[in-house]
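1. quick one: sequence plus predicted model below, questions after.
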Protein chains: 2
Amino acid sequence: MDSKDRQILRALQQDGRMANLELAERVSLSPSPCLRRLRNLEASGAIRGFHADVDRAAYGLPILAFVQIRLERHSDEIVRQFEARISTLAEVLECYMLTGGTDYFLKVVVSGLDAYEDFIRHRIHTIGGIGSIDTSFVYGTVKRSGVFPRID
Amino acid sequence: MDSKDRQILRALQQDGRMANLELAERVSLSPSPCLRRLRNLEASGAIRGFHADVDRAAYGLPILAFVQIRLERHSDEIVRQFEARISTLAEVLECYMLTGGTDYFLKVVVSGLDAYEDFIRHRIHTIGGIGSIDTSFVYGTVKRSGVFPRID
DNA sequence: ATAGATATTGGCATTAAATGCCGGTACTGG
DNA sequence: CCAGTACCGGCATTTAATGCCAATATCTAT
């Protein structure tokens, strides 16, 4: 992982479908070594994958919510069950464990507030062992770059 | 935007570099109309782009923090300045406006806790007009799918 | 400083995929 | 029932990815 690898990673964070020929020119390499570096970055796990960035609203899921959840207790059984159930929920795009006041942080998409009510009542509350739920809805985006800073 | 378009979108959320031949087979189309649909989805904005999913730690930024920020006041001037400055910060990968107790929600990557201190002291506090900052560090990932649920 | 060893590069031939065009087919509205 | 529209599939062409080889740069130990 040298400066050139990180250049490649940043370029592909901006445009993950960039042709190898263009990528090679951008990082000042010829196509062959550039492609080899890319394949190595994939094989080593530095690149976990490539994903399309899809417009929520165009797809039909205009509501984006961040949900902070605390468990009642942190027994193995409750934690295990919570994480297992969360993993199966299609509406949950991401779920992280956090330091601080809340245990879990969820990124959730739904088609409307009625669907959100249904999600909380039937998908979340039925898990059991949940202490508190705090929902924030996203009503604007200031920045959405996803490109790591240079550290060279 | 029909069911087949959404199938294409979900497939590319899973693997954004999937070859058109494979994508076509997966959604039961021949390559030509499949590629045409893809280009239309890009042109219409339903696909905002493609991005590599890069391992933070492998790149050299092992710390991921979620930062909740409240402004002192919500005057046009303070809001405008805050958003302009946030947009220039390379450590901030995403920034959303939220309903509820906090005004802004930031996703931040740094190389260590010393770099985080530097970020808060010199990048955030110097903006001015900030009421409160609440940081949560991510110490585990339960789910990270990014694939929208079927709504057909 | 130098020689050997290792890793990385660039070019080229081959293979595979994307692209653009065409005719055919299903669907819609009058 | 017919005309118009939109979408599909197949094929020829262009473009990119891949794998191999020789050459160059980098690193290490003496």
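-> Looks like it arrived, so ask away. Numbering: from 1, shown residues only, chains lettered A, B, ... in the order given.
2. list the buried ones in the host helix or strand of residue A:81?
-> Assigned by DSSP states H and E, residue A:81 belongs to helix A:76-88. Residues of helix A:76-88 classed as buried: A:78, A:79, A:82, A:83, A:86 (neighbour count, 16 or more other Cβ atoms under 10 Å in any protein chain shown). No exception for glycine: its C-beta is placed from N, CA and C like everyone else's.
3. distance of the last one from DNA strand C?
-> Noted for residue A:86: a distance of 34 Å to DNA strand C, by Cβ to the nearest atom of the strand, to the nearest Å.
4. list the contacts of that residue.
-> A:92, A:95, A:104, A:106, A:127, B:142, B:143 (Cβ atoms under 8 Å, 6 or more residues apart in numbering or on different chains).
5. same question for the second one.
-> With contact taken as Cβ under 8 Å, 6+ apart, residue A:79 is in contact with residue A:71.
6. same check on the third one?
-> Counting by Cβ under 8 Å, 6+ apart, residue A:82 touches A:71, A:104, A:127, A:129, A:130.
7. and these, which is closest to residue B:42?
-> Set against residue B:42, the nearest of the contacts of residue A:82 by Cβ to Cβ is residue A:104 (34.4 Å).
8. isn't the closest one right next to residue A:92, touching?
-> No. In this structure residue A:104 lies outside contact range of residue A:92 using Cβ atoms under 8 Å: 10.0 Å.
9. show me which residues of chain A are close to DNA strand D?
-> Within chain A, the positions near DNA strand D by Cβ under 7 Å from any atom of the strand are A:19, A:20, A:21, A:31, A:32, A:35, A:39.
10. adding distance to chain B, secondary structure and neighbour count, write those out as JSON lines.
-> Formatted as JSON lines, these follow (distance: Cβ to the nearest Cβ, whole Å; DSSP: H, G, I helix; E, B strand; the rest coil; neighbours: other Cβ atoms under 10 Å in any protein chain shown):
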{"residue": "A:19", "distance to chain B": "11", "secondary structure": "coil", "neighbour count": "10"}
{"residue": "A:20", "distance to chain B": "11", "secondary structure": "helix", "neighbour count": "13"}
{"residue": "A:21", "distance to chain B": "15", "secondary structure": "helix", "neighbour count": "12"}
{"residue": "A:31", "distance to chain B": "17", "secondary structure": "helix", "neighbour count": "14"}
{"residue": "A:32", "distance to chain B": "19", "secondary structure": "helix", "neighbour count": "10"}
{"residue": "A:35", "distance to chain B": "13", "secondary structure": "helix", "neighbour count": "15"}
{"residue": "A:39", "distance to chain B": "12", "secondary structure": "helix", "neighbour count": "11"}
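11. now pLDDT and distance to residue B:67 too, for those residues, in CSV please.
-> Formatted as CSV, the residues of chain A next to DNA strand D follow (pLDDT from 0 to 100; distance: Cβ to Cβ, whole Å):
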residue, pLDDT, distance to residue B:67
A:19, 96, 36
A:20, 96, 36
A:21, 95, 39
A:31, 95, 40
A:32, 94, 42
A:35, 97, 38
A:39, 96, 36
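12. will you turn those into a markdown table that also has distance to residue A:13?
-> Output for the residues of chain A next to DNA strand D, formatted as a markdown table (distance: Cβ to Cβ, whole Å):
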| residue | distance to residue A:13 |
| --- | --- |
| A:19 | 16 |
| A:20 | 16 |
| A:21 | 19 |
| A:31 | 20 |
| A:32 | 23 |
| A:35 | 18 |
| A:39 | 17 |
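13. residues touching the residue nearest in space to the middle of chain A, list them.
-> In chain A, the centroid-proximal residue (Cα atoms, centre = their mean) is residue A:94; its distance is 5.2 Å. Counting by Cβ under 8 Å, 6+ apart, residue A:94 touches A:106, A:107, B:141, B:143, B:144, B:145, B:146.
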